[in-house]
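Visitor: Got a predicted structure here, sequence first:
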Amino acid sequence: PEELVEAARIDGCGEWRLLFRVFLPLSLPVIVALGLFYGVGHWNSFFNVMMFINSPEKFNLAVLVQQMIQSQSLLQEIGTMSPEDFASITPESIKSAGVVVMIVPMLILYPFLQRYFIKGILIGAIKG
């Protein structure tokens with residue numbers, strides 16, 4: 001609101017102080033919510049990495065998990081594994097391990113950002 005800017009100007013705020021003391025704290029929930037959405041989207045990006053990156057050293061975790069699952073199914077189809085290994089390593093167990101490895105960093109990060117995330121989501125939902 002314009003009144004908020006006028007009150008800050010009367011108190012002696014300049015442009016930078018107005019930005020860091022008024023606008024940024026009011027915008028923080030929205031910025032964190034958008035950052036969380038962008039971060040999760042980037043973390044789970046799969047198709048862009050497969051299309052544009054040729055070097056296996058630069059692949060992200062989603063592509064590495066997919067390649068691990070694919071190589072496991074190829075090994076089972078070819079039959080290069082011993083029968084004991086077939087019983088202990090199934091494609092479902094590798095998929096489950098990959099899902100856990102992909103989810104754990106987001107589960108660690110989300111509790112720290114949860115309060116900002118909820119405020120940012122509710123700002124657009126509450127009218128009046």
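Guide: Arrived safely.

Visitor: how about low-confidence regions in the chain?
Guide: Residue ranges of the chain with pLDDT under 70: 72-88, 120-121, 123-128.

Visitor: Which stretches in it count as helices?
Guide: 2-10, 15-18, 24-43, 47-52, 61-78, 83-88, 91-125 (DSSP state H).

Visitor: Nearest the geometric middle of the protein, what residue?
Guide: Val40 (2.0 Å; CA atoms, centre = their mean).

Visitor: That residue - nearest residue in space that isn't next to it in sequence?
Guide: Nearest non-adjacent residue to Val40, counting by CB to CB, 6 or more residues apart in numbering: Met106, 6.2 Å away. In short, each C-beta sits where N, CA and C put it, glycine included.

Visitor: my guess is the one you found contacts Trp43, does it?
Guide: Yes: counting by CB atoms under 8 Å, Met106 touches Trp43, with 6.6 Å between them.

Visitor: Need the overlap of contacts for those two.
Guide: The overlap between the contact sets of Met106 and Trp43 (CB atoms under 8 Å, 6 or more residues apart in numbering) is empty.

Visitor: which residues touch Leu24?
Guide: Counting by CB under 8 Å, 6+ apart, Leu24 has no contacts.

Visitor: any idea how far it lies from Leu122?
Guide: 19 Å (CB to CB, to the nearest Å).

Visitor: Equivalent analysis for Gln70, please.
Guide: From Gln70 over to Leu122 (counting by CB to CB), the distance is 42 Å.

Visitor: With Trp16 instead?
Guide: 29 Å.

Visitor: same question, Pro29
Guide: 8 Å.

Visitor: If you count surrounding residues, which of the two has more?
Guide: Pro29 (19 against 11; other CB atoms under 10 Å).

Visitor: right, and the more buried one touches Lys119 too?
Guide: Yes: contact criterion CB under 8 Å: Pro29 and Lys119 qualify, at 3.5 Å.

Visitor: Could you tell me which residues touch both of those two?
Guide: Common neighbours of Pro29 and Lys119 (CB under 8 Å, 6+ apart) do not exist.

Visitor: Could you count how many residues lie near Ile118?
Guide: Neighbours around Ile118, by other CB under 10 Å: 12.

Visitor: And Leu19, by the same measure?
Guide: Neighbourhood size, Leu19 [other CB under 10 Å]: 12.
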